[in-house]
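>>> Dropping the sequence and predicted coords here.
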Amino acid sequence: MLSADELERYARHIVLREIGGQGQAALRQAKVLVIGAGGLGAPVLMYLAAAGVGTLGVVDDDQVSLSNLQRQIIHTTPDVGARKVDSAAAKIHALNPHVNFIGYGVRLDATNAMELLSSYDLILDGSDNFATRYLVSDACYLANKPLISAALGTFDGSLTTIRAHEKNASGVLNPTYRCLFPDAPPPGTVPSCQEAGVMGALAGVLGSMMALEAIREITGFGEGLVGRLLMIDARAMRFETLRYARDPANPLNGDAPTIVDLSGHR
């Protein structure tokens with residue numbers, strides 16, 4: 001049962017027909033792990049905490065720098081030099097003390113990914129490099145975990161939901177991240193945000209949409225982004241959706257899978 005304080009705090013959710021008390025209770029029971037407390041992870045963590053997700057975890061081994069503050073809204077000027085997981089913990093607790101927040105101040109890699117994912121119902125990847133995205137996607141498939149994955153460019157972004165361990169209504173396995181992007185671009189061909197820049201407010205838009213998709217996944221309203229890639233063009237203020245399907249040749253859940261563990265990741 002929700003307490004009186006929770007009933008008042010989440011009143012605007014509870015009156016929504018698509019959420020209601022049952023949906024809010026589902027949020028309270030949910031365990032969500034966010035990869036990265038940066039430009040995407042910051043708004044994700046704030047909105048999921050505000051929404052009443054019961055357990056929020058975040059994996060990030062970085063410290064807050066002054067250049068982060070243009071877009072990473074969970075951190076503030078006095079936090080410069082602090083661990084991002086500690087800065088995020090303070091803001092989450094101040095926003096909603098009902099949330100159980102767990103910070104992992106480590107770098108996600110092939111040696112710890114499966115253990116970190118094991119305690120959570122839903123994974124949100126807000127990392128800023130292709131190596132981590134492929135690692136998280138492979139680990140989620142092997143661990144039978146749903147994944148919401150987003151990527152941020154200078155003035156563009158994309159978002160999708162991956163449930164590659166499950167079948168669709170036709171009895172066909174859902175696509176993987178590798179069906180969408182079979183190969184990572186060669187090193188050095190995609191500049192980092194430090195090199196190319198990034199629009200801070202766009203990180204807020206895309207991170208908020210990740211949180212919205214997570215809430216939808218938990219409560220079950222509407223149509224999700226499985227097999228659909230949502231693309232944002234901030235220059236033209238245009239949103240487009242691309243459908244994609246399982247590639248039988250993909251090495252993860254294809255007809256002849258070759259990825260059976262994370263040993264291929266360094």
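Cool, got the structure.
>>> tell me the phi and psi of the residue lying closest to residue 81 once chain neighbours are set aside?
Using Cβ to Cβ, 6 or more residues apart in numbering and skipping residues adjacent in sequence, the residue nearest residue 81 is residue 63, 6.0 Å away. C-betas here are computed from N, CA, C, even on glycine. Backbone torsions of residue 63, given as degrees, to the nearest 10, read phi -110, psi 160.
>>> So residue 63 sits against residue 79, correct?
No. Residue 63 is not in contact with residue 79 according to Cβ atoms under 8 Å; the separation is 9.1 Å.
>>> So which of those two has more stuff around it?
residue 79 (21 against 17; other Cβ atoms under 10 Å).
>>> so what's the residue nearest to the more buried one when sequence neighbours are not counted up against?
Nearest residue to residue 79, sequence neighbours excluded (Cβ to Cβ, 6+ apart): residue 87, at 4.1 Å. With contact set as Cβ atoms under 8 Å, 6 or more residues apart in numbering, residue 87 has these partners: 37, 64, 74-76, 79.
>>> before we move on, back to that, tell me what the residue nearest to residue 81 is bridged to.
residue 83 (DSSP bridges).
>>> Pull out the buried residues from the helix or strand hosting the residue nearest to residue 79.
Per DSSP states H and E, residue 87 falls inside helix 84-95. Of all the residues in helix 84-95, those buried under the rule 16 or more other Cβ atoms under 10 Å are 84-85, 87-92, 95.
>>> and the two most separated of the contacts of residue 87?
37 and 76 (13.1 Å; Cβ to Cβ).
>>> between these two, which one's more packed in?
For residue 37 versus residue 76, neighbours defined as other Cβ under 10 Å are more numerous around residue 37 (30 against 14).
>>> Secondary structure, distance to residue 108 and pLDDT for the contacts of residue 87 - can I get that in a markdown table?
Shown next, in a markdown table, are the contacts of residue 87 (DSSP: H, G, I helix; E, B strand; the rest coil; distance: Cβ to Cβ, whole Å; pLDDT from 0 to 100):
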| residue | secondary structure | distance to residue 108 | pLDDT |
| --- | --- | --- | --- |
| 37 | coil | 12 | 96 |
| 64 | coil | 19 | 97 |
| 74 | coil | 19 | 97 |
| 75 | coil | 19 | 97 |
| 76 | coil | 25 | 97 |
| 79 | helix | 22 | 98 |
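>>> so what pLDDT did the residue nearest to residue 81 get?
Here, the pLDDT recorded for residue 63 equals 97.
>>> now residue 184
Value listed for residue 184 in the pLDDT field: 83.
>>> what about it, neighbour count?
There are 14 residues near residue 184, going by other Cβ under 10 Å.
>>> Regarding residue 230, what is its secondary structure?
Three-state call for residue 230 (DSSP: H, G, I helix; E, B strand; the rest coil): strand.
>>> Stretch 63-78: end-to-end distance?
12 Å (Cα to Cα, to the nearest Å).
>>> For it, give me every contacting residue.
37-39, 41-43, 45-46, 79-84, 87-88, 91-92, 194, 198, 200-201, 203-204.
>>> at 6 Å what do you get?
By Cβ atoms under 6 Å, 6 or more residues apart in numbering, the surrounding residues in contact with stretch 63-78 are 38-39, 42, 45-46, 79-80, 82-84, 87-88, 91, 200, 203.
>>> quick one: buried residues of that stretch?
Result for stretch 63-78 [16+ other Cβ under 10 Å]: buried residues 63-64, 68, 71-75.
>>> Same check on stretch 234-250?
Buried, per 16+ other Cβ under 10 Å, within stretch 234-250: 234, 246-247, 250.
>>> Could you do stretch 213-227 as well?
For stretch 213-227, by 16+ other Cβ under 10 Å, it's 213-219, 224-227.
>>> how about the helices of this protein, start to end?
Per DSSP state H, the chain carries helices over the ranges 4-9, 11-14, 20-29, 41-51, 84-95, 113-117, 130-143, 177-180, 193-196, 200-219.
>>> Contact partners for the spatially closest residue to residue 105 that is not a sequence neighbour?
Closest residue to residue 105 apart from its sequence neighbours, by Cβ to Cβ, 6+ apart: residue 85 at 4.7 Å. Applying Cβ under 6 Å, 6+ apart to residue 85 gives the contacts 58, 60, 103, 105.
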